[in-house]
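*Asks:* Here is a sequence together with a model predicted from it:
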Number of protein chains: 2
Amino acid sequence: MDNTTLDAHDMAMMRLAIKQAQRGAEQDEVPVGAVVYRGNELLATAHNLRESGNDPTAHAEILALRNAAKTIGSWRLTDCTIAVTLEPCPMCTGALVNARIARLVYGAADPKMGCVDTLYQLCGDSRFNHRVQVVAGIMADECGQLLTTFFEARR
Amino acid sequence: MDNTTLDAHDMAMMRLAIKQAQRGAEQDEVPVGAVVYRGNELLATAHNLRESGNDPTAHAEILALRNAAKTIGSWRLTDCTIAVTLEPCPMCTGALVNARIARLVYGAADPKMGCVDTLYQLCGDSRFNHRVQVVAGIMADECGQLLTTFFEARR
């Protein structure tokens, strides 16, 4: 498989990530959702839990990576893909590299914290011991709209 | 207090971080230790648990930040300092920014993954919503020697 192209399963997984983000919003969490999968095998789903968990590291991606690693019994998520509704921040992009995950599929760009394409390009830095393939902008409007609606409602 | 100078308490906290790293090595974990404190109040200690926890995010810093946030009941670690034996990786540096921690005191530089001074300078990037004050190279020889000894013994 060409890691930089998208198939129907990736789209289905992104829809699942969006559902997770919506669930986050219902709990007053910034609506970001993430799903980790390996081929057709779903390994983990998560949404942001920073507020309710009082946990600065509880972004959707971190929680999904931890749960996926628990599911397969290894911290190495080789051959796995993560679908996320928002471009990962420095912490989460670094976690993708640390987890040796094969692919990242993400929705909306993050002009404030995005470290995959926007502010830095950490996934492709050849000085690190692992590179992550990236597919950007998938259902970006829908993913971004979730955030816009959430923050507008709180003003 | 000038955040960029070091006092006797910082040195004591770094000694505690080194002890944590040694405890990690005894459990066959890459020996990195971290301590979070606020003034003279010790909030959390941790060492790397990636292997035994099968958790790609279980670096000492992430665990210490999570535990400190639990201790104070907030994800915002304002007015807190973290002492770490090794220069933080992209994931952990990003976590420091996300946690709004005031200061980072670290030991050895990390030529492979260091994102505070070596490969990137994420703590001082004014585009992020928070900057972390950095004091580098504290007990660097001792902190680095722990890692050298650990990896030599495994060859």
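*Replies:* Yep, that arrived.

*Asks:* Quick one: low-confidence residue ranges for chain A.
*Replies:* Residues of chain A that meet the criterion pLDDT under 70 lie in A:1-4.

*Asks:* need the residues of it near chain B, please.
*Replies:* A:50-51, A:53-59, A:62, A:65-66, A:69-70, A:73-77, A:89-95, A:97-100, A:112-113, A:115, A:119-120, A:122, A:125, A:127-129 (CB under 8 Å from any CB of the partner chain). Every residue, glycine included, has its C-beta placed from N, CA and C.

*Asks:* how distant is the helix ranked longest in chain A from the center of its chain?
*Replies:* With residue count as the measure and DSSP state H as the assignment, chain A has helix A:8-26 as its longest helix. Taking the mean C-alpha point of helix A:8-26 and that of its whole chain, the gap between them comes to 10 Å (CA atoms, centre = their mean, to the nearest Å).

*Asks:* Outside of that helix itself, list whatever touches it.
*Replies:* With CB atoms under 8 Å, 6 or more residues apart in numbering or on different chains as the contact definition, helix A:8-26 has outside contacts at A:30-35, A:37, A:40, A:42, A:45-49, A:60, A:81, A:83-85, A:105, A:107, A:135, A:138-139, A:142-143, A:146, A:149-150.

*Asks:* out of these, which are buried?
*Replies:* Neighbour counting with 16 or more other CB atoms under 10 Å in any protein chain shown marks A:30-35, A:37, A:42, A:45-49, A:60, A:81, A:83-85, A:105, A:107, A:135, A:138-139, A:143, A:146, A:150 as buried within the contacts of helix A:8-26.

*Asks:* Give the buried residues for stretch A:111-128.
*Replies:* A:Met113, A:Gly114, A:Cys115, A:Val116, A:Asp117, A:Leu119, A:Tyr120, A:Leu122, A:Cys123, A:Asp125, A:Phe128.

*Asks:* Tabulate those (TSV), appending secondary structure.
*Replies:* Rendered in TSV, the data for the buried residues of stretch A:111-128 read as follows (DSSP: H, G, I helix; E, B strand; the rest coil):
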residue	secondary structure
A:Met113	coil
A:Gly114	coil
A:Cys115	coil
A:Val116	coil
A:Asp117	coil
A:Leu119	coil
A:Tyr120	coil
A:Leu122	helix
A:Cys123	helix
A:Asp125	coil
A:Phe128	coil
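
*Asks:* Between all of those, which two are separated the most?
*Replies:* Set against one another by CB to CB, the buried residues of stretch A:111-128 have their most distant pair in A:Met113 and A:Phe128, with a gap of 18.9 Å.

*Asks:* Could you count how many residues lie near A:Ala153?
*Replies:* For A:Ala153, the neighbour count with other CB atoms under 10 Å in any protein chain shown is 8.

*Asks:* how near is it to B:Cys92?
*Replies:* When CB to CB, to the nearest Å is the yardstick, A:Ala153 and B:Cys92 sit 33 Å from each other.

*Asks:* A:Leu43 too?
*Replies:* 24 Å.

*Asks:* higher neighbour count, those two?
*Replies:* Legend: neighbour count by other CB under 10 Å for A:Leu43 and B:Cys92, higher for B:Cys92 (32 against 20).

*Asks:* Would you agree the more buried one is in contact with B:Leu63?
*Replies:* No - between B:Cys92 and B:Leu63 there is no contact, the gap being 10.1 Å when judged by CB atoms under 8 Å.

*Asks:* Overlap in contacts, those two.
*Replies:* Where contact means CB under 8 Å, 6+ apart, no residue is in contact with each of B:Cys92 and B:Leu63.

*Asks:* Strands along chain A, start to end?
*Replies:* Taking DSSP state E as the criterion, chain A contains strands spanning A:33-38, A:41-47, A:81-86, A:103-108, A:133-135.

*Asks:* Thanks a lot, catch you later.
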